[in-house]
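1. Sequence and predicted model, in that order:
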Amino acid sequence: MAKLTPQTILFNGAGIGIGLLSAVYMINSALFTPTIPQCSQRYQKAIELGLKSRSGKPMTPIELETRAGLGSSGVLENASVELVDGAPSAAALKVRLEKGSGSVHAKDAKPGGISFLWKPSGMAGATAACLSYSVFLPSAFDFGGAGVLPGLFGGADPDVGGHTRGFATRLMWNSDGMGQIDAELPNASSQQGASAGGEIDVQIPISDSARSVPIGPSAFRLPRGRWVSIEQEVVLNSPDKSDGVARLWIDGTLKIERNDLHWRGGKMSGLAGVIADVSYGGVDNGYVAPADTALHISALQARWK
């Protein structure tokens, strides 16, 4: 038997330690898949939809409506810019939600909240985009039946009268504050898009009249009483492939990830901008605000490539 020396013991101990560390690393790698960093960390340049006028003061409702452009809804009536202590941006957008009002995209609801399209210069035709903002819901905020927050769109401008082309991805909450991505698509009920749109495979039945499908239903709960960071990423699919991506981060944690989506068809349309919808309800439901309330949203930031 070989004589044990202090050097031998140290050498054998080091070998055992290395072996244990290797085993732990292998087990950890097998059990835990590293999550992809937030899209704001992977897209270089950000364009912000500023909320201050050239004088440095918060924009007036008229200035906001001018910035929102033609086709906007509710901006003059329901939006204002405020300086809010502790907000992620210097100024925040306050959106009033009147009792009984719903989405401008719903067929049988009184239009409420705000809706406009933001098309950052240079974004048209992008194949991937990242949207970042934060939202503050009051502690007593009533989620009602459902509601929507801003997302991304492409293919064609969403058609308020009836979405027949393109796609849009809003963040949606339901009655108990659980959230998902609500993907608006042409021919959503059959999950087979027209030439400018796409298809998404979903696990729940969709009515024949549906214009949207859920991605990651009940994937997270939207907190109240504090600022909540939201980041949404859309990566378009390759030609004739279902390899498109949708991701959503809440407070820096990846909550939704799908990488098997078919956003666009033969004409290979691109991303176009941000659909800034803030209201109760959605494109496929007539839920309305149960009481007068308001929420705050920080300045929107868009990145693309």
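-> Yes, it's here.
2. just checking, residue 216 touches residue 255?
-> Yes - the pair residue 216 / residue 255 is scored as a contact, 6.9 Å apart, by C-beta atoms under 8 Å. All C-beta atoms are positioned from the backbone trio N, CA, C, and that covers glycine.
3. how about residue 132, secondary structure?
-> Secondary structure, DSSP: H, G, I helix; E, B strand; the rest coil: residue 132 is strand.
4. Geometric centre of the chain: which residue is closest?
-> residue 232 (3.8 Å; C-alpha atoms, centre = their mean).
5. Helix or strand next in line after the strand or helix carrying it, which one?
-> Following DSSP states H and E, one finds residue 232 within strand 227-235. Following strand 227-235 in sequence order, the next helix or strand is strand 244-250 (DSSP H and E).
6. Run the chain-centre distance for that following strand.
-> Chain-centre distance of strand 244-250: 7 Å, with C-alpha atoms, centre = their mean, to the nearest Å.
7. next one: stretch 71-84
-> Relative to its parent chain, stretch 71-84 has a centroid offset of 20 Å by C-alpha atoms, centre = their mean.
8. Which residues belonging to that stretch are considered buried?
-> 72, 73, 74, 75, 76, 78, 79, 80, 81, 84 (16 or more other C-beta atoms under 10 Å).
9. Out of those, which comes closest to residue 50?
-> residue 81 (9.8 Å; C-beta to C-beta).
10. I'd like the average pLDDT over stretch 133-153.
-> Mean per-residue pLDDT for stretch 133-153: 97.
11. Quick one: end-to-end distance for it.
-> Start-to-end span of stretch 133-153 (C-alpha to C-alpha, to the nearest Å) is 16 Å.
12. what's the answer for stretch 54-73, then?
-> Stretch 54-73 stretches 24 Å from its first residue to its last (C-alpha to C-alpha).
13. List the neighbours of that stretch that are in contact with it.
-> 49, 51-53, 75-76, 79-83, 91, 93, 104, 111, 114-118, 157, 160, 276 (C-beta atoms under 8 Å, 6 or more residues apart in numbering).
14. which ones among these are found in strands?
-> Using DSSP state E, 79, 80, 81, 82, 93, 111, 114, 115, 116, 117, 118, 276 are the members of the contacts of stretch 54-73 that sit in strands.
15. With pLDDT as extra columns, can I get these in TSV?
-> Below are the ones in strands among the contacts of stretch 54-73 laid out as TSV (pLDDT from 0 to 100):
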residue	pLDDT
79	97
80	97
81	97
82	96
93	97
111	93
114	97
115	95
116	95
117	94
118	95
276	96
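16. Pick out the most distant pair among the buried residues of stretch 71-84.
-> Longest span within these, C-beta to C-beta: 73 and 84, 23.9 Å.
17. so when I look at residue 40, I'm seeing a helix, right?
-> Yes - per three-state DSSP, residue 40 lies within a helix segment.
18. Check the burial of it by counting its neighbours.
-> Around residue 40 there are 17 other residues, counting by other C-beta atoms under 10 Å.
19. quick one: pLDDT of residue 105?
-> 84.
20. Not counting sequence-adjacent ones, nearest residue to it?
-> In space, and not counting its chain neighbours, residue 105 is closest to residue 283: 4.4 Å by C-beta to C-beta, 6 or more residues apart in numbering.
21. what do you get for residue 121?
-> residue 47 (7.8 Å).
22. Go ahead and confirm that neighbour touches residue 301.
-> Yes - counting by C-beta under 8 Å, residue 47 touches residue 301, with 7.0 Å between them.
23. Look at those two and report which has more neighbours.
-> residue 301 (20 against 16).
24. wait, isn't that one in contact with residue 129?
-> No - if you go by C-beta under 8 Å, residue 301 and residue 129 don't touch, sitting 11.0 Å apart.
25. any idea how far residue 261 lies from residue 294?
-> Residue 261 sits 34 Å away from residue 294, going by C-beta to C-beta, to the nearest Å.
26. More neighbours: the two, which one.
-> Taking other C-beta under 10 Å, residue 261 and residue 294 do not tie; residue 261 has more neighbours (24 against 17).
27. wait, is the more buried one part of a strand?
-> Yes - under three-state DSSP, residue 261 falls within a strand.
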